[in-house]
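Student: here is my input, please return the structure:
(one chain, ligands or ions: 2)
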Amino acid sequence: MGLTTPQKKVIESKSRFRVLISGRRFGKTYLAINELARFARYPKKKVWYIAPSYRMAKSIVWHDLIDRLYKHKWVSTINHADLTVYLKNNSTISLRGADNEQSLRGVGLDFLVLDEFADMKDTAWTEVLRPTLSDRNGHALFTGTPRGFGNWSYNLFLKSETDDEWASFKYTTLEGGQVSANEIEQARADLDERTFQQEYEAGFVNYAGAIYYNFDREKNIMKEYTPQTRTIHIGMDFNIDPMVCVVSEIVNDKVYIYDEIQIYSSNTQEMTEEIKTRYKDYNITIYPDPASKQRKTSSGGITDLAILKNAGFNLKVRNTHPLIRDRINSVNAKLKNAKGNNSLFIASKCKNVIKSLERQIYKDGTTVPDKESGYDHFNDALGYMIEYLYPLRRDFKPTRPMRWS
Ligand SMILES: Nc1ncnc2c1ncn2[C@@H]1O[C@H](COP(=O)(O)OP(=O)(O)O)[C@@H](O)[C@H]1O
Ligand SMILES: [Mg+2]
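Tutor: Ligands and ions are numbered 1, 2, ... in the order given. Got it, this is the predicted structure:
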């Protein structure tokens, strides 16, 4: 009781190393907690849960885990600082973040979960964690959404084909049963095709080549554009060389980029003046790089964000930096969603925006955007704005109440 049929398939496997690839909200983390408890119910076991970062481990799993262990009256003591639970049977369960490799060293483990392992460095596994399983013949469960053919998670997923110690599982979000078909259809409209495939259908997709692969000259370029209002939205990126912005009008959730500004060896003050000269008496909202909260490019010790604020612009800025991946995905989805609809258009006179969208690529075999060619600036400016206005849906309400087995 409690686990879904596909989750049960994973726990029934006797393989020492298991790899579970699935769409988001399948129930990987839920299953991972279940597995921690399943291994720790035997005495004197040492089991670890590892997330890509310490913060994620703490915020995603810690409370759920101790809640569940208390309910079963398994807890002896808890060390909150070390994210470790000592059980009455002398087993321990600890949470760790792969961002702190030092914290992963040492101990002999009986069981280990690497949750969202594609977002960790492969060396965290090969060099640091794999050896900790040797003394006690420990087991490992890898769970995550796919991150393309170039990511090490793909090789691990294939290992079961050639190595008997390994088993692989792959499920879509829909098969997980936690998200309704309706919500998944909504996601198809919000996301671009490749992202949808990856995040919901658990597909390994190709990340080689152009980053903005949905950009299509035929569909996304307007010969010219006459603004209908005096309300504009500006995405802004703060390099000194060059400092850039994209200027747009938004009508019915369609974004029309109709001007670009690029100033060399510039600062925020100068950019502010340029915008005010071009767009006098406009209602202007700016979506700057969140780094502008700390960054000071002008003399006088005032932050870039404060300069924009003092200039009287409306400011929309996230508290934390959005992932580059999320910015890219939201721009691709606006260029063309998984249903084939376009809602981001660029006037042909914005030559640099067009060039940047067309030419920025991933570094060979990685999901790291190339920044050396200089095509990143306009795309970053555009991405801050689009991601703010049209963020990817991260979370869903569960379709049924949470249960413990
Ligand atoms: N077997 C289950 N029974 C009840 N709720 C579940 C089950 N599996 C997952 N859930 C719930 O579904 C949601 C998504 O699960 P989660 O483990 O966070 O997914 P993932 O890690 O794959 O993104 C969570 O709210 C979780 O508590
Ligand atoms: Mg998860």
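
Student: burial of the closest residue to ligand 2 within the stretch 51-200 of the chain, as a residue count?
Tutor: At 5.9 Å from ligand 2, Asp115 is the closest residue in the stretch 51-200 of the chain, using C-beta to the ion. No exception for glycine: its C-beta is placed from N, CA and C like everyone else's. Close neighbours of Asp115, defined as other C-beta atoms under 10 Å, add up to 26.

Student: contacting residues for it?
Tutor: Applying C-beta atoms under 8 Å, 6 or more residues apart in numbering to Asp115 gives the contacts Lys28, Thr29, Ala32, Tyr49, Ile50, Ala51, Ile60, Val61, Thr143, Gly144.

Student: among those residues, which are in reach of ligand 1?
Tutor: By C-beta under 6 Å from any ligand atom, the members of the contacts of Asp115 lying near ligand 1 are Lys28, Thr29.

Student: among the contacts of Asp115, which pair sits farthest apart?
Tutor: Spanning the widest gap among those are Val61 and Gly144, at 14.5 Å by C-beta to C-beta.

Student: who has more neighbours, these two?
Tutor: Gly144 (24 against 21).

Student: neighbours around Asp241, how many?
Tutor: 10.

Student: and it, helix, strand or coil?
Tutor: Recorded secondary structure, Asp241: coil (DSSP: H, G, I helix; E, B strand; the rest coil).

Student: same check, this time on Ile346
Tutor: Assignment for Ile346 (three-state DSSP): strand.

Student: next one: the spatially closest residue to it that is not a sequence neighbour relative to Leu357, how far apart?
Tutor: Once flanking residues are discounted, Ile346 sits nearest to Ile257: 4.5 Å by C-beta to C-beta, 6 or more residues apart in numbering. Ile257 sits 10 Å away from Leu357, going by C-beta to C-beta, to the nearest Å.

Student: again with Lys293
Tutor: 27 Å.

Student: count of neighbours near the closest residue in space to Asn239 that isn't next to it in sequence?
Tutor: Of all residues not flanking Asn239 in the chain, His377 sits nearest, at 5.9 Å (C-beta to C-beta, 6+ apart). Neighbour count of His377, defined by other C-beta under 10 Å: 22.

Student: more crowded one of Lys293 and Leu357?
Tutor: Legend: neighbour count by other C-beta under 10 Å for Lys293 and Leu357, higher for Leu357 (28 against 14).

Student: now do the contacts for that one.
Tutor: Taking C-beta under 8 Å, 6+ apart, we find Leu357 in contact with Tyr212, Phe215, Asn220, Leu335, Ile346, Phe378, Asn379, Leu382.

Student: buried sites along the helix or strand hosting it?
Tutor: Taking DSSP states H and E as the criterion, Leu357 maps to helix 351-359. Within helix 351-359, the residues scored as buried using 16 or more other C-beta atoms under 10 Å are Asn352, Val353, Ile354, Ser356, Leu357, Arg359.
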